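Undergrad: have a look at this fold, sequence not included:
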């Protein structure tokens, strides 16, 4: 290896771990952010932001050999969006909308990085749950990702709406039925953002993930049945690619997506076996029309933050109360201190609740 290649290798070895640590810290900041105390998140990220800036200063100017230009493109794109995310979090002290921008730019950073997951072990481990980050090498059953990406985006660029992103764990036997999770984004969100809130768990545990994008800025909560055909078509598409366990189809959602998950889960029969609404509301029409009675046969994992600023904690408590009146299998998690953010820390318990088959052996 030439001296310049040695310098490049040293720079990658020294700076990629810092970049990944900063990105993981920003994921934590997403859940910890609250508009009444944005400076707390800024202070938490200060050292990580400095490390990320150093990594960028060290790596961005470097010339990569021609045979690894694709690697260079993805790595530098990830660094660019990671730095945008750090800046957006810092600006959230004066502008709450910067938090929303941070969510999008962090999504784009992970999007750019994922194609490198089977090229470097630290990046591979970043896209796994922590308890699986023990091997010094990339296990062979994940190496197939390099030849055939497990991610498919169907008309789902960040600039478009009405499409979907799909994760298909092809390292598993396609003839063996797999659990399916459909994850619905919140108002103003995008399926390609919601994808990354679940991807690490899907990759670690081997379930199929569908992340649709609404046609409008959010889901049609006044006519929820209009959203059903797209989701059912996506399920049928996935069934044409791999075997799906019909007894384990989870409809989950965040905020407006949570509201829609309850609407569709209690309005429609035999499509979704389990529901997992995060930080949403219960449509009053479900009560007045009697559709809430269907909750008696639909396991529900309800999550709400005690510090939610969009839908206060009382909304979560009332939803739990109304569901409990007709339901014998409700798991309600009121997460202490959580604002209006996706409670990713709930996913290990949620997925084990959904089906013991998704319990990690190390748990």
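TA: That came through, no problem. Model, not experiment: these values are computed from the prediction.
Undergrad: may I see the buried residues of stretch 356-363?
TA: The neighbour-count check on stretch 356-363 (16 or more other C-beta atoms under 10 Å) flags residue 358 as buried. Where you see a C-beta, it was placed from the backbone N, CA and C, and this is true even at glycine.
Undergrad: so for it, mean pLDDT?
TA: Average pLDDT, stretch 356-363: 80.
Undergrad: can you list contacts of it?
TA: Stretch 356-363 is touched from outside by 129, 131, 132, 179, 204, 205, 206, 207, 248, 348, 351, 352, with contacts defined as C-beta atoms under 8 Å, 6 or more residues apart in numbering.
Undergrad: so the fourth one makes contact with residue 354?
TA: It stands for residue 179. Yes. With contacts counted by C-beta atoms under 8 Å, residue 179 reaches residue 354, the gap being 6.7 Å.
Undergrad: common neighbours of those two, please.
TA: 248, 250.
Undergrad: can you select the buried ones from the contacts of stretch 356-363 in ChimeraX?
TA: With 16+ other C-beta under 10 Å as the criterion, this ChimeraX line picks the buried residues out of those:
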select :129,132,179,204,205,206,207,248,348,351
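Undergrad: what is the nearest of the contacts of stretch 356-363 to residue 12?
TA: Using C-beta to C-beta, residue 132 is the member of the contacts of stretch 356-363 that lies nearest residue 12, at 22.7 Å.
Undergrad: in strands only, show me the contacts of stretch 356-363.
TA: Using DSSP state E, the members of these that fall in strands are 179, 248.
Undergrad: could I get the contacts of stretch 356-363 as CSV with pLDDT and distance to residue 93?
TA: Shown next, in CSV, are the contacts of stretch 356-363 (pLDDT from 0 to 100; distance: C-beta to C-beta, whole Å):
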residue, pLDDT, distance to residue 93
129, 95, 32
131, 90, 35
132, 90, 36
179, 96, 41
204, 93, 34
205, 93, 37
206, 92, 41
207, 95, 38
248, 97, 43
348, 96, 32
351, 97, 35
352, 96, 38
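Undergrad: which members of the contacts of stretch 356-363 are positioned in helices?
TA: Mapping these onto helices (DSSP state H) picks out 204, 205, 348, 351, 352.
Undergrad: can you map out the helices along the protein?
TA: 3-32, 38-59, 69-91, 97-113, 121-126, 140-143, 191-205, 228-239, 256-267, 284-288, 313-324, 347-354.
Undergrad: could you give the angle of the third one to helix 38-59?
TA: Per axes from the mean of the first three to the mean of the last three C-alpha atoms, to 10 degrees, the angle that helix 69-91 makes with helix 38-59 is 150 degrees.
Undergrad: packing partners for helix 69-91?
TA: Counting by 3 or more C-beta pairs under 8 Å, 6 or more residues apart in numbering; DSSP states H and E, the packing neighbours recorded for helix 69-91 are helix 3-32, helix 38-59, helix 97-113.
Undergrad: against residue 321, how distant is the residue nearest to residue 318 when sequence neighbours are not counted?
TA: With C-beta to C-beta, 6 or more residues apart in numbering as the criterion, residue 318 has its nearest non-adjacent residue at 7.3 Å, and that residue is residue 282. With distances taken as C-beta to C-beta, to the nearest Å, residue 282 is found 10 Å from residue 321.
Undergrad: which one's more surrounded, these two?
TA: residue 282 (24 against 12; other C-beta atoms under 10 Å).
Undergrad: in this structure, where is pLDDT below threshold?
TA: 1-5, 171-172, 268-270, 328, 362-363 (pLDDT under 70).
Undergrad: domain assignment for it?
TA: 3-116, 149-358 (automatic domain parsing).
Undergrad: mind checking how far stretch 158-177 is from the chain centre?
TA: Computed by C-alpha atoms, centre = their mean, to the nearest Å, the chain-centroid distance of stretch 158-177 equals 13 Å.
Undergrad: buried residues in it, which are they?
TA: Going by neighbour count (16+ other C-beta under 10 Å), the buried part of stretch 158-177 is 163, 164, 165, 166, 167, 168, 169, 170, 171, 177.
Undergrad: and of these, the nearest to residue 30?
TA: Distance from residue 30 was checked for each of the buried residues of stretch 158-177 by C-beta to C-beta. The minimum falls on residue 165, at 18.5 Å.
Undergrad: okay, the closest one and residue 243: tell me how far apart.
TA: 20 Å.
Undergrad: do the same with residue 287
TA: Taken as C-beta to C-beta, the span from residue 287 to residue 243 is 37 Å.
Undergrad: also residue 47?
TA: 46 Å.
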